[in-house]
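Enquirer: coords please:
(chains A, B, C and D)
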There are 2 protein chains.
Amino acid sequence: MPHSSLNRLIRKLETGLVLSDEERNAILQLPVTTRDLKADQDIVRYGDRPSQCCLLVEGFLCRYKTLPDGVQTIMAFYVAGDIPDVHSLHLGLMDHTLSTVAPSRVAFIAHDAMRRLTHQHPRLADAFWRDTLIDAAVFREWIVNLGSRDAYSRIAHLLCEIFLKLKAVGLTNGNTFALPITQSKLADATGLSSVHVNRSLMQLRADGLITLDKGRCTIPEFERLE
Amino acid sequence: MPHSSLNRLIRKLETGLVLSDEERNAILQLPVTTRDLKADQDIVRYGDRPSQCCLLVEGFLCRYKTLPDGVQTIMAFYVAGDIPDVHSLHLGLMDHTLSTVAPSRVAFIAHDAMRRLTHQHPRLADAFWRDTLIDAAVFREWIVNLGSRDAYSRIAHLLCEIFLKLKAVGLTNGNTFALPITQSKLADATGLSSVHVNRSLMQLRADGLITLDKGRCTIPEFERLE
DNA sequence: CGACGCTTTGACCCGTTTCAACAATGGTGG
DNA sequence: CCACCATTGTTGAAACGGGTCAAAGCGTCG
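Expert: Numbers count the residues shown, from 1 in each chain, chains lettered A, B, ... in the order given. This is a model prediction of the structure:
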């Protein structure tokens, strides 16, 4: 049922401000359509002009660009509750691709409905705006990661980020969380080769900072991982 | 006079949509205070809770973070007409520092005034929102730059970006533009050592792609620089 | 059971960093 | 107007992190 997806969205927006009943209802009345997708499926592609926003209900998404030589760079990961392309509301043309990393359920909200909502409820506009600004803050963090850290801490940092994101929406189990991301995708996200990602991960394990077991990752002592 | 700075802002917003007279007047009536700064002066620092937005009237700004070990990473450059910290409107705490790269003139607009403006004029809110989204798109481009390109094309790409930004606001002179950025700052922005930036720049010159002369840069054939 | 995709390993190579010195530049005060 | 000093730019040699290529384990799922 669509309501559960919108509730997740509301919960997310309410981390920034308190919503009135009216505002909450306005969100719940948004018309959404839901779709289930397998892993590695593009949702919106480079060059598209989307007419709807997408809301991740369950699973894992990423945002990537492909260079002329075929190299892919992942610029962000998203988890349940994230609404990764509000920005298509104001920037018509996609300059990159949004795709699933793992099997996922996504909900779509038409741009028209979103625009009506944000114009009738300026505070909701602010809340969505804020969300895109947090996204931008994470991009900045990635710039720092790629620009100034070595392989080892780049990966450590990325794992921390994913852990915190999942924890914020209650998808962690103690210090353990699902990590359905292949090493070669981690490589695309950290600007390293998959071979070196593998070696760094093994080093992190040898140092006792993480445990990996069939797509699940455990971080015994979060602080030590910076 | 403050009006010239606000006019620059209006021109920038109008690249995205057409403003009504009413909207334009609302902007022109924003109370601003202007300040002149030397090079390398922080405007808002990491940890600050700014109560105003800053608008760059003239000069060059950058956004950077400092890591515990003292390494600085530059995440963005800004030129006249840019309004680099609208995001402080919705994200109270600064997670990085905004600073001058060259002598600059900046104008400040109180958050209160901005908030009133955007709530009374939803389309202006959209326009500012759009601006922050473009900022985010540039961050993504930097992620690609750092993650997937070698030193030579990283620098080429950065020079292209600055050239296009300056050209958009009419601050280029043919293929020539002011580049008041030291090589060591270019290094901080590209994730390279200043020595290697120097070598790559010399290579670009040797290949005839750029000419450097006392803080001015010329790009004879833009296409060849990707 | 076999095939396919992901992880792990080893050997070798290359782009980039580091350190250190030196040259050019520009701004300042006398 | 010149002498001085502090930045910035330029250069060389040596060391290292991470890339590439290729092959071998391992799981998993039809």
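Enquirer: so where does residue A:141 fall, helix or strand?
Expert: Per DSSP states H and E, residue A:141 falls inside helix A:122-148.
Enquirer: touching DNA strand C at all, that helix?
Expert: No - if you take C-beta under 7 Å from any atom of the strand as the test, helix A:122-148 misses DNA strand C, and the best it gets is 9.3 Å. C-beta coordinates here come from the backbone N, C-alpha and C atoms, glycine included.
Enquirer: next, the angle from that helix to helix B:122-148.
Expert: Angle, helix A:122-148 to helix B:122-148, by axes from the mean of the first three to the mean of the last three C-alpha atoms, to 10 degrees: 20 degrees.
Enquirer: which SSE is immediately downstream of helix A:122-148?
Expert: Next in sequence after helix A:122-148, counting helices and strands by DSSP H and E, comes helix A:151-168.
Enquirer: outside of that next one, which residues touch it?
Expert: A:15, A:77, A:79, A:82, A:138, A:141, A:145-146, A:149, A:172, A:177-179, A:186, A:189-192, A:196-197, A:200-201, A:203-204, A:209-210, A:217, A:219, A:222, A:225-226 (C-beta atoms under 8 Å, 6 or more residues apart in numbering or on different chains).
Enquirer: just the buried ones from those, in PyMOL syntax?
Expert: Buried subset of the contacts of helix A:151-168, written as a PyMOL selection, criterion 16 or more other C-beta atoms under 10 Å in any protein chain shown:
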select buried, chain A and resi 77+79+82+138+141+145+146+149+172+177+178+179+186+189+190+191+192+197+200+201+204+209+210+217+219+225
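Enquirer: quick one: which of the contacts of helix A:151-168 sit in helices?
Expert: Counting by DSSP state H, the part of these found in helices is A:138, A:141, A:145-146, A:186, A:189-190, A:196-197, A:200-201, A:203-204.
Enquirer: out of those residues, give me the two with the largest separation.
Expert: Greatest spacing in the ones in helices among the contacts of helix A:151-168, by C-beta to C-beta: A:138 and A:203 (25.2 Å).
Enquirer: number of nearby residues for residue A:116?
Expert: By the other C-beta atoms under 10 Å in any protein chain shown criterion, the neighbourhood of residue A:116 contains 13 residues.
Enquirer: low-confidence stretches in chain A?
Expert: Scanning chain A for pLDDT under 70 picks out A:1-3, A:224-226.
Enquirer: give me that answer again for 90
Expert: For chain A, the stretches with pLDDT under 90 are A:1-9, A:11-17, A:69-70, A:168-170, A:213-215, A:220-226.
Enquirer: centroid residue for it?
Expert: The C-alpha lying nearest the average C-alpha coordinate of chain A belongs to residue A:78 (C-alpha atoms, centre = their mean; 1.3 Å).
Enquirer: does that residue touch residue A:62 like I think?
Expert: Yes - the pair residue A:78 / residue A:62 is scored as a contact, 7.1 Å apart, by C-beta atoms under 8 Å.
Enquirer: so for stretch A:139-159, what gets flagged as buried?
Expert: Going by neighbour count (16+ other C-beta under 10 Å), the buried part of stretch A:139-159 is A:139-149, A:151-159.
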